[in-house]
Structure formats: structure tokens, C-alpha cells
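Asks: Could you work out the structure for the sequence below:
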Amino acid sequence: MSDEFDKPVKRRFIAGAVCPRCSEMDKIVNYRLGDKNYRECVACGFKDEIRLQAAPRELDTRVNQTADREVEETAVKILLPPSDKK
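Replies: All right, here's what the predicted structure looks like:
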């Protein structure tokens, strides 16, 4: 039986990331074991689980509401600028 933890781990560097322990830049790799994400510093060995948060729900606005609403229509009268000719 093959276990998910027996597979080779695909590690990716996180560009611009700074290690919280040694402050080295571009030394942090991201990888997944099972259903958890981890970050690890290749310089000092710092390792931490990354807890991803769900995206916050978008606030309801008049633009993104799907409920039908009644819109009042009014006529617009376009006025021309006065001519300077006399």
C-alpha cells in the first residue's frame, strides 16, 4: 500500500520571502505533506505550518447584488449652451 507521505515532496521557493528566524531572503521553500502546507528555511532549518485562511465573504453592494430591485426612471432634458451671436 502506497502512502501519501512516501511520495517525493515538491518544494517551491517563495520569491522575496524573509525567514522569521535568520532574516535571510529567498531561502524559504513551500511544500505540502498530506493536507497541510509547510514553509521551511533552507539556510537555518526553520520550519512552520502555514495555516491558510478562507477568503472573506464579499460585502453586498448595489453592484454585486443579484436581487431584482425597482429602478425609478426619469427623463433628462439636455440643454444647449447659449450662443454668443446677437
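Asks: so where do the strands sit in the chain?
Replies: Secondary structure of the chain by DSSP state E: the strands cover 12-13, 28-33, 36-41, 47-50.
Asks: any chance of those strands in TSV, plus distance to residue 72?
Replies: Where you see a C-beta, it was placed from the backbone N, CA and C, and this is true even at glycine. Compiled in TSV, the strands of the chain are given as follows (distance: least, C-beta to C-beta, whole Å):
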stretch	distance to residue 72
strand 12-13	54
strand 28-33	53
strand 36-41	51
strand 47-50	50
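Asks: Same list (these) but as JSON lines, adding mean pLDDT, mean neighbour count and distance to residue 58.
Replies: Converted to JSON lines, the strands of the chain look like this (pLDDT from 0 to 100; neighbours: other C-beta atoms under 10 Å; distance: least, C-beta to C-beta, whole Å):
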{"stretch": "strand 12-13", "mean pLDDT": "94", "mean neighbour count": "11", "distance to residue 58": "29"}
{"stretch": "strand 28-33", "mean pLDDT": "93", "mean neighbour count": "16", "distance to residue 58": "27"}
{"stretch": "strand 36-41", "mean pLDDT": "93", "mean neighbour count": "16", "distance to residue 58": "24"}
{"stretch": "strand 47-50", "mean pLDDT": "92", "mean neighbour count": "12", "distance to residue 58": "24"}
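Asks: Among the ones you listed, which comes closest to residue 61?
Replies: Closest of these to residue 61 is strand 47-50, at 31.4 Å (criterion: C-beta to C-beta).
Asks: Pull the closest one out as CSV, backbone CA atoms only.
Replies: What follows is strand 47-50, C-alpha atoms only, in CSV (Å, rounded to 0.1, in the frame of the first residue of the first chain):
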residue,chain,number,x,y,z
LYS,A,47,10.0,25.0,9.8
ASP,A,48,6.4,26.2,10.3
GLU,A,49,3.0,25.0,9.3
ILE,A,50,1.1,27.5,7.1
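Asks: Work out the sheet partners of that strand and label each with its direction, please.
Replies: Sheet partners assigned to strand 47-50 using DSSP bridges are listed as strand 36-41 (antiparallel).
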